[in-house]
Structures are given as C-alpha cells and as structure tokens.
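**Q** no sequence for this one, just the structure:
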C-alpha cells in the first residue's frame, strides 16, 4: 500500500505539472505581464510557450517590432499587423512568446486613380473632379457614376465608356478593390453636319480627312473636332476659270484656308469664286468702220470693245468683205 500511495502521489504531481504547462501556454497575456511587458504598446494578441519567470541564469529579451502583414486578426485593412518575440537563452529556459499590435501604415492602402476625357466631375462613393486619387483599404467597394453628358468650352460631349479598372459602356460602375486601379471615363462629342458648297459647284475642297470633299457635300463631324478647309485660289469648271473670293457662312474670311472647332450644331460653309473674264477690242487698219460679223456674239463695227468675256471663251470673228467706205471698196487682207 505505501508503494501504491507513492505512485498515486507521483501521478498527481505529473498531472498538476501538465495542467500548469497548459495554463501557461494559453494564458500568455498574464505571463507576458510577469515578464515586465517590454516597451509600451497597444497589445492585441500573442501566444507561445511561457513558463513561470525563468531563473536569473537565463537571458531573456523582447525583439523589435516586425511587420507581418496588412490586416489580419483585429487589424483593419489599412493597418499593418506587427509582431515581436520574447525569447530566453539557453534553450532550457523555455520562455518563448510573442505579441501583436496594429499600426497605421500607408503601404497597406490601395490607390484608386480616376480620370476622364475631357476632365470633369465624377459622382459615386469615391467622387471628385478628375484627375483625382483615393487611398482605400483592400476589399473596399468602389462606386463611380459618370454623368451622361458633359459640356466643356461650349461643346457637348456624351459618355462613351469606362476603361482600365472596368470595361463598361454603362456610366455607373461598381467593384471591390484589391490592387492599384486606374479608372478612365471617356466622353465623345456628339456628331453634327458640316455642309460645304461653292459658287460654282463641283470644286474640290481640301483640308483634313473629316472635312474635305467636292462641293456640294455634307460630312458628319464630332463636336469639338478640328475642321480645316482649303479652297484653291483658282479653279477651272466647265471650261471657265474662276478665282477665289471669300468664305462665308461658318466663317467670314478672304483667306482661302480656314480652320475652326466643330460646334455643337450643324454648320454651312460657302466658298465663293469670281469668274475670270477679259475684254475684246477689235480695230481695223485703216479705220474704215469695218463690219465684223460673229456667230459667237462678239461682232461689231470697228473700233469696238466687248467686256466681261469669260476666259477660255471660243470667239469667232468674220469681217465683211468687200466693205464700202469713203467711196471705195475694201477687201479683207488678214488679222
């Protein structure tokens, strides 16, 4: 029996030692307090194996705080979880524990960059006037609302699409952010008619791709686009020659090249030309009031002049021969 009692006593001691170890292992907060706590900090967690204070022969100390990860535990996504360790040496001292804390850290935030073309206001939970940025916690829901239309510098633009963070033709987008995102709202000007005519018609008007053509013509052009019109200084139409006079309608100018921004309305431009003409003077030698017949309408009695004859006009002159003048008969000789 004495041996049995002895065995029961030893077993009891082992059980008590086991439970003390378990309590020390899981009750690290109170154990850390016994170890003098280390530098001041807001401690929100810890763990490890810590037995009662080690003997003076042991060398124990806290390590410095080390970054662990963004978020985690009781830390928010905008905070860095830091950890430090309390260790003793040599190994038989068996005092190994750690503590954690949360500290604000900009590296734990994610950048949202919002732009638009043209620039302007974007609504939503992350609203602002482009270009702008937000620093957000991982997993934050982003909501952006682009206005359907935007007026800039007198020009009206229509929303076209979102690109970058989300590919969408809807002006309203929503998503959760987990890494850097650039969201770009693209606006396009509404299309309006550019009508170009000339006097006379059938004249090729140069310029940029969107505005050139042969009169009369109409091109659909986006508001705000650069329009360039180049009318030739001189042209030939239907065998007649013309010289440029001026532009009228969209722009009043005597320069044969004009440029402007397409307005948010239909516009008409007219290239005005003047026909090149000459004069015809017919004389005779001697001056005998010779009669000049002309099936083209340019006849008369010398000396005479016909004005405003179009360049390139075909002229036929037929002198009357013989011709009586001063009591004599005159025969045509040559021009």
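**A** Nice, I can see it. Fair warning: this is a prediction, and the values are worked out from it, not measured in the lab.
**Q** who does the residue minimising distance to the centre of the chain bridge with?
**A** What sits nearest the mean C-alpha location of the chain, by C-alpha atoms, centre = their mean, is residue 117, with 3.9 Å. Under DSSP bridges, the beta-bridge partners of residue 117 are residue 186.
**Q** Ok, the one 4 residues further on next?
**A** With DSSP bridges as the criterion, the beta-bridge partners of residue 121 are residue 129.
**Q** Which pLDDT does the model give it?
**A** Listed pLDDT for residue 121 reads 97.
**Q** Then residue 48?
**A** Residue 48 is given a pLDDT of 53.
**Q** Pull the residues that contact stretch 301-318.
**A** Contacts of stretch 301-318 with the rest of the structure, by C-beta atoms under 8 Å, 6 or more residues apart in numbering, involve 236, 239-241, 275-284, 287-296, 298-300, 335. All C-beta atoms are positioned from the backbone trio N, CA, C, and that covers glycine.
**Q** actually stretch 232-250, not the one I typed
**A** 194, 200-204, 206, 229, 231, 252-256, 258, 260, 267-276, 310-312.
**Q** Span of it from start to end?
**A** Stretch 232-250 has an end-to-end distance of 18 Å (criterion: C-alpha to C-alpha, to the nearest Å).
**Q** and it, how far from the chain's centre?
**A** When distances are taken as C-alpha atoms, centre = their mean, to the nearest Å, stretch 232-250 is centred 40 Å away from the chain's centroid.
**Q** can you check stretch 146-155 too?
**A** 14 Å.
**Q** now stretch 211-227
**A** 23 Å.
**Q** Of all the residues in it, which ones are buried?
**A** 211-213, 215, 219, 221, 223-225, 227 (16 or more other C-beta atoms under 10 Å).
**Q** Which pair of those residues spans the longest distance?
**A** 215 and 224 (24.5 Å; C-beta to C-beta).
**Q** how about low-confidence regions in this structure?
**A** 1-55, 94-96 (pLDDT under 70).
**Q** need the helices for it, in chain order.
**A** 2-26, 28-34 (DSSP state H).
**Q** which secondary structure elements does the lengthiest strand in the chain contact?
**A** When secondary structure is assigned using DSSP state E, the longest strand within the chain turns out to be strand 75-89. With contacts taken as 3 or more C-beta pairs under 8 Å, 6 or more residues apart in numbering; DSSP states H and E, strand 75-89 sits against strand 45-50, strand 59-62, strand 66-72, strand 95-104, strand 132-137.
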